[in-house]
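Visitor: Quick one, structure for this:
(one chain, ligands or ions: 1)
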Amino acid sequence: MSELAILGGSKSRTDPYPQWPVWDQRDIDAVTEVIKSGRWGGYPYPGPKTAELAKKFAEMQGGGYAVPMANGTVTMEVALRAAGIGWGDEVIVPAYTFQATASAPMAAGAIPVIVDVDPNNYCLDPKAAEKAITPKTKAIIPVHLGSNMADMDAIMALAEKHDLIVIEDCAHAHGAKWNGRGAGTIGHFGSFSLQSSKTLTTGEGGILLCRTPELAAKAASIIDCGRPHALGGGAEDYTQEFQVGGNFRLSEIAAALALVGIERFPAQAKEREAMAAYMDESLSEVKGVRLLTRDERHTTRSFYRYIFAIDPQEFGMEHDVLVGALDAEGIEAWTGYEAMNNYTLFQPQKSKLAVPKAFPEYFDFENMNLPEAQRACEHEAVWLDENIFRAGPKGVDDAVNAIKKIQKNSVELNEAAEELRKKYK
Ligand SMILES: Cc1ncc(COP(=O)(O)O)c(C=O)c1O
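Guide: Residues are numbered from 1 along each chain as shown. Purely as a prediction, here's the structure:
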């Protein structure tokens, strides 16, 4: 009988990890209050809960003018449009991220220019970004991926030199800090998702932090069907001009949930950070595991998923084999996103999207050279669920013991790998 749960043995962890999202009576009361008030929706924008959320979220991140909206994809589209970026403009995005980072520029009519990531942290490589700059480049969207932050000093220096707008994709970085400054307050915009897996959630939602009150007013207008808004994204202001917009408002019910989430957030983030430090220590003993480098300027590590890398040769197996076995052991893990050039939906010959059709030369994925992102996505990266970091030291011990157990049984597991891949595909 095998020791490994995936081959019929017993699980390393039988107690489930804590659930996400966390809720209690406060959430029920907050939603009930909004329902009873009759003010459910986001119109007129901003409703009282949305305005309070904007204020509290900007305080939590330590700056900016916050405009809550429907999700963490339109946030980036709106940022680009508010900055006047559109048809045919180039926007640099990293090759390792969720597709939203590239689809948002396309929704604004801009061309995502995909560049490789730094193998030490899997975030956008500023040197690769610099090489990709042309006279048509107008913006850059670094993603603070998983548990790391992109090198914001290098990116802001590039932006200054080439007069680029910086939109930090902070979907994974609520509460994170770079040199003591909150993620999303360093660039011109910070884009946050409040979708249900995110560490601050309303079920569905997003917040755009804007550097200036003027940009926030434009963003508020774009998400409110073009109605003009006061500086900072406040109430309607019909002394200003209308612009083209849509309805991307956040509902008051969602805003009320986010406000309760903000109350809980500091304690949750602190616990995750402490347990991540313990995970670093525990994993550093495992042969073939490479911890991603935490830059010393990344002063607060508040994170979405803990990512580490394996060297498949030294560790004894490919990352998909490890992840499948970990899941069976009761440890939620994932190989992460695909490299951006593997996203078939952007391929001009397969899509009717306006931007890939009009500019196919930017979407020649087969000839794109993105070795670091591809190595991470195809062989190395292991993403551990955040709930592992909310279960005390035992939560971490169980995960690390499962990794060691799987490694010890690598020969048996590799023999079964092809069959398992077919079964779990
Ligand atoms: C890196 C990244 N950017 C953007 C998004 C988009 O956020 P949303 O789903 O709220 O649109 C997500 C996740 O969903 C993400 O992981």
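
Visitor: Below-threshold pLDDT in the stretch 1-150 of the chain: ranges please.
Guide: Filtered on pLDDT under 70, the stretch 1-150 of the chain yields no residues whatsoever.

Visitor: what does it put close to the ligand?
Guide: Remark: the part of the stretch 1-150 of the chain in contact with the ligand comprises 71, 72, 73, 97, 98, 100, 101, 143, using C-beta under 6 Å from any ligand atom. (Each C-beta comes from the backbone N, C-alpha and C, glycine too.)

Visitor: Thought residue 337 was touching the fifth one, still the case?
Guide: Yes. With contact defined as C-beta atoms under 8 Å, residue 98 and residue 337 form a contacting pair (5.9 Å).

Visitor: surely residue 284 meets residue 290?
Guide: No. Residue 284 is beyond contact range of residue 290, at 9.4 Å (criterion: C-beta under 8 Å).

Visitor: in which helix or strand would I find the nearest residue to residue 123 once chain neighbours are set aside?
Guide: Nearest residue to residue 123, sequence neighbours excluded (C-beta to C-beta, 6 or more residues apart in numbering): residue 150, at 3.8 Å. Following DSSP states H and E, one finds residue 150 outside all helices and strands.

Visitor: ok, residue 150 - contacts?
Guide: For residue 150, the contact set (C-beta atoms under 8 Å, 6 or more residues apart in numbering) comprises 94, 121, 123, 124, 126, 142, 143, 144, 168.

Visitor: With distance to residue 203, neighbour count and secondary structure as added columns, please give those in TSV.
Guide: Output for these, formatted as TSV (distance: C-beta to C-beta, whole Å; neighbours: other C-beta atoms under 10 Å; DSSP: H, G, I helix; E, B strand; the rest coil):
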residue	distance to residue 203	neighbour count	secondary structure
94	27	30	strand
121	30	22	coil
123	27	24	coil
124	29	31	strand
126	35	21	helix
142	27	31	coil
143	22	27	strand
144	22	29	coil
168	23	31	strand
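
Visitor: Would you mind checking which of those residues is nearest to residue 84?
Guide: Nearest to residue 84 among the contacts of residue 150: residue 168, at 18.6 Å, using C-beta to C-beta.

Visitor: Kindly provide the distance from the closest one to the ligand.
Guide: To the ligand, residue 168 is 10 Å away according to C-beta to the nearest ligand atom, to the nearest Å.

Visitor: didn't that residue look like it was pressed against residue 139?
Guide: No. Contact criterion C-beta under 8 Å: residue 168 and residue 139 do not qualify, at 11.3 Å.

Visitor: ok, now how distant is the nearest residue to residue 4 once chain neighbours are set aside from the ligand?
Guide: Distances taken as C-beta to C-beta, 6+ apart place residue 409 nearest to residue 4, at 5.2 Å, with adjacent residues excluded. From residue 409 across to the ligand, the span is 33 Å (C-beta to the nearest ligand atom).

Visitor: what does residue 78 give?
Guide: 12 Å.

Visitor: Now for that residue, how many residues are close by?
Guide: Neighbour count of residue 78, defined by other C-beta atoms under 10 Å: 32.

Visitor: helix/strand/coil for it?
Guide: Three-state call for residue 78 (DSSP: H, G, I helix; E, B strand; the rest coil): helix.

Visitor: Surely it is in contact with residue 69?
Guide: Yes. The pair residue 78 and residue 69 passes the contact test of C-beta under 8 Å, sitting 6.7 Å apart.

Visitor: what touches both of these two?
Guide: With C-beta under 8 Å, 6+ apart, residue 78 and residue 69 have common neighbours 208, 219, 223, 248.

Visitor: Make CSV from the residues you listed and add neighbour count, pLDDT and secondary structure to it.
Guide: Listed next are the shared contacts of residue 78 and residue 69 as CSV, based on neighbours: other C-beta atoms under 10 Å; pLDDT from 0 to 100; DSSP: H, G, I helix; E, B strand; the rest coil:
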residue, neighbour count, pLDDT, secondary structure
208, 34, 98, strand
219, 29, 98, helix
223, 32, 98, helix
248, 24, 98, coil
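
Visitor: for those, which one is nearest the ligand?
Guide: Nearest to the ligand, judged by C-beta to the nearest ligand atom, of the shared contacts of residue 78 and residue 69 is residue 248 at 10.6 Å.

Visitor: Leaving out sequence neighbours, find the closest residue to that closest one.
Guide: Of all residues not flanking residue 248 in the chain, residue 223 sits nearest, at 3.9 Å (C-beta to C-beta, 6+ apart).

Visitor: if I pick the one you found, what's in contact with it?
Guide: 45, 67, 69, 70, 74, 78, 245, 246, 247, 248, 249.

Visitor: Who are the contact partners of the nearest residue to residue 49 once chain neighbours are set aside?
Guide: In space, and not counting its chain neighbours, residue 49 is closest to residue 255: 3.8 Å by C-beta to C-beta, 6+ apart. Neighbour list for residue 255: 47, 49, 50, 52, 53, 68, 202, 205 [criterion: C-beta under 8 Å, 6+ apart].

Visitor: Can you give me the neighbour number for the third one?
Guide: Which is residue 50. Counted with other C-beta under 10 Å, residue 50 comes out at 28.

Visitor: Also the fifth one?
Guide: Around residue 53 there are 28 other residues, counting by other C-beta under 10 Å.

Visitor: Quick check: which element contains it?
Guide: Using DSSP H and E, residue 53 falls within helix 48-61.

Visitor: Residue 191 looks like it's in a strand, true?
Guide: Yes. Residue 191: assigned to a strand according to three-state DSSP.

Visitor: Let me know whether it touches residue 79 as I believe.
Guide: Yes. Counting by C-beta under 8 Å, residue 191 does reach residue 79; the two are 6.3 Å apart.

Visitor: before we move on, back to that, do I have it right that the residue nearest to residue 4 meets residue 6?
Guide: No. Residue 409 is beyond contact range of residue 6, at 9.7 Å (criterion: C-beta under 8 Å).

Visitor: hey, where'd the helices end up in this structure?
Guide: Here the chain has its helices, by DSSP state H, at 25-37, 48-61, 74-82, 100-107, 126-132, 152-162, 213-223, 252-283, 312-315, 319-328, 354-358, 371-375, 392-408, 410-424.

Visitor: Now do the contacts for residue 360.
Guide: Shown in contact with residue 360 (C-beta under 8 Å, 6+ apart): residue 348.

Visitor: Would you confirm that residue 383 contacts residue 307?
Guide: Yes. Under the criterion of C-beta under 8 Å, residue 383 makes contact with residue 307 at 5.2 Å.
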